[in-house]
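**Q** Here is my input; please provide its structure:
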Amino acid sequence: MNRRTFLEIGLSSAGVAALSSARSAGQTLEARHPLWPLWETWQERHLDYAGRVVDATQRGASHSEGQGCGMLLAAEFGDRDAFRRMFDWTEANLAIRADKLLAWRWLSDVPERVPDLNNASDGDLFYAWALVRAAERFGETRLRDRAAGLAADLARKCAVARPDRPGRPILLPAEYGFVEGDTIVVNPSYIMPRALREVAAATGQPVLAQVADEGLSLMRDIAASRLVPDWLRIGPEGLSPARGFSSDAGYEAIRVPLFLAWSGEASHPALRRAAAAFGQAPRGYAATIVDAETGQVLSLSGDAGYRAVAALATCVAQDRHGAAIPPFRSSDPYYPATLHMFALLTQFLHYPRCVPI
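**A** Numbering: from 1, shown residues only. Here you go, the predicted structure:
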């Protein structure tokens, strides 16, 4: 099967069976993984040879999230060369703070490539997770050591007590800019439970596992009455909209059902509520912005990556067999293309019943 044919039909049940057989026989994922052609296409579109993951729709910028996501994919597929190039570029260009965290963005169109040294905690988390996975995959202890330093600073600088629940830690989006007096602003989609727990276990930072638990509790409380929004404010009196930030369930919150499914939280109410919202989109589209209070769809997208997340969430939440995950599309921008790869990995690793159909 050539790449063009593979891209047209997407991941098949036969391919999943072949991979399962290869795994049980101890064969290498590099040679047999059915997603490998898609990984090559993702690299051709979004990764330059120097190791910079390029977000073309965001001024050609690179950010810690993109580097961490790309490195996680490389570790999953056993692509040591791609991982090394991304790691080396990130260490040279974003690991420039006084601590172990990463500056959040590198810009190609300004003389000062990194004008803002603030971090992004989701980028740091995925970078640490990629290092942990790669340390195991490639047998490099230096990568685990790097993850340990990063995880320690992430826990120390970005895990703070909820103002309404003293002693229960939640994750700030960054070290600076999201605390005002006794209130904080949080982004629930930055809380990826599986990543937090695996990084916590590998690096000896139990507070990150506590953040995972508290994040799940927060999303459960929200989902009792509405969709999980992109951003919210937490004060001593509880939850409220964050002034100046999106209170819709939009392009940030679309990660919430994906991360819940990936973390094994198939019955989580936030996943079920998101799946119900996705179900309102017409065939061939995904609901990308939804009013979190009313559930009204405000924006649709035909990008395959968003449709893949919606299809996986629907299959998982409704306990279906077979998911309407579309074929990977090389024309998708960085963000939906990366979500598409994650949706396919999640399906293969945890939900064989949701094989694309």
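**Q** can you give me the helices in the protein?
**A** 3-9, 13-24, 29-32, 36-46, 64-77, 80-93, 121-138, 141-158, 193-203, 206-223, 255-262, 269-278, 304-317, 334-350 (DSSP state H).
**Q** For residue 169, find the nearest of those helices.
**A** Closest to residue 169 of those, according to CB to CB: helix 206-223, at 5.2 Å. The way it works is simple: take the backbone N, C-alpha and C, and place the C-beta from them, glycine included.
**Q** May I see the buried residues of that closest one?
**A** 207-212, 214-216, 218-219, 222-223 (16 or more other CB atoms under 10 Å).
**Q** What is it packed up against?
**A** Judged by 3 or more CB pairs under 8 Å, 6 or more residues apart in numbering; DSSP states H and E, the packing partners of helix 206-223 are helix 141-158, strand 159-162, strand 165-171, helix 193-203, helix 269-278.
**Q** With distance to residue 300 added, can I get the ones you listed in a markdown table?
**A** Shown next, in a markdown table, are the helices and strands packed on helix 206-223 (distance: least, CB to CB, whole Å):
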| stretch | distance to residue 300 |
| --- | --- |
| helix 141-158 | 34 |
| strand 159-162 | 34 |
| strand 165-171 | 30 |
| helix 193-203 | 28 |
| helix 269-278 | 11 |
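**Q** okay, the ones you listed in CSV with mean pLDDT, distance to residue 357 and mean neighbour count next?
**A** Output for the helices and strands packed on helix 206-223, formatted as CSV (pLDDT from 0 to 100; distance: least, CB to CB, whole Å; neighbours: other CB atoms under 10 Å):
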stretch, mean pLDDT, distance to residue 357, mean neighbour count
helix 141-158, 98, 37, 19
strand 159-162, 98, 41, 17
strand 165-171, 96, 36, 17
helix 193-203, 98, 25, 22
helix 269-278, 98, 17, 22
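**Q** Need the pLDDT of residue 34.
**A** The model reports residue 34 with a pLDDT of 85.
**Q** State the distance from it to residue 330.
**A** For residue 34, the distance to residue 330 (CB to CB, to the nearest Å) stands at 17 Å.
**Q** The two: who's more crowded?
**A** residue 34 (21 against 14; other CB atoms under 10 Å).
**Q** measure that one to residue 311 for me?
**A** Distance from residue 34 to residue 311, by CB to CB: 17 Å.
**Q** low pLDDT regions in this protein?
**A** Across the chain, the ranges flagged by pLDDT under 70 are 1-32.
**Q** Leaving out the residues flanking it, which one is nearest to residue 272?
**A** residue 317 (4.6 Å; CB to CB, 6 or more residues apart in numbering).
**Q** re the thing from before, of the helices of the chain, give the one that comes closest to residue 114.
**A** helix 80-93 (7.2 Å).
**Q** got the angle between the closest one and helix 121-138?
**A** 140 degrees (axes from the mean of the first three to the mean of the last three CA atoms, to 10 degrees).
**Q** re earlier: got CSV for the helices of the chain, with distance to residue 58 too?
**A** Formatted as CSV, those follow (distance: least, CB to CB, whole Å):
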stretch, distance to residue 58
helix 3-9, 25
helix 13-24, 33
helix 29-32, 31
helix 36-46, 12
helix 64-77, 9
helix 80-93, 16
helix 121-138, 13
helix 141-158, 22
helix 193-203, 22
helix 206-223, 26
helix 255-262, 16
helix 269-278, 24
helix 304-317, 15
helix 334-350, 8
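**Q** out of those helices, which comes closest to residue 298?
**A** The nearest among the helices of the chain, by CB to CB, is helix 269-278 at 10.7 Å.
**Q** Report all helices and strands that the closest one contacts.
**A** Helix 269-278 packs on helix 206-223, helix 255-262, strand 286-290, helix 304-317, going by 3+ CB pairs under 8 Å, 6+ apart.
**Q** Format those as TSV; extra columns: distance to residue 158.
**A** Converted to TSV, the helices and strands packed on helix 269-278 look like this (distance: least, CB to CB, whole Å):
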stretch	distance to residue 158
helix 206-223	9
helix 255-262	17
strand 286-290	27
helix 304-317	25
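**Q** Can you give me the neighbour number for the residue nearest to residue 272?
**A** With other CB under 10 Å as criterion, residue 317 counts 24.
**Q** With residue 350 instead?
**A** Using other CB under 10 Å, residue 350 has 16 neighbouring residues.
**Q** what's the answer for residue 92, then?
**A** Residue 92, neighbours per other CB under 10 Å, totals 11.
**Q** which one is residue 96 nearest to, not counting chain neighbours?
**A** residue 103 (5.8 Å).
**Q** Perfect, I'm done here.
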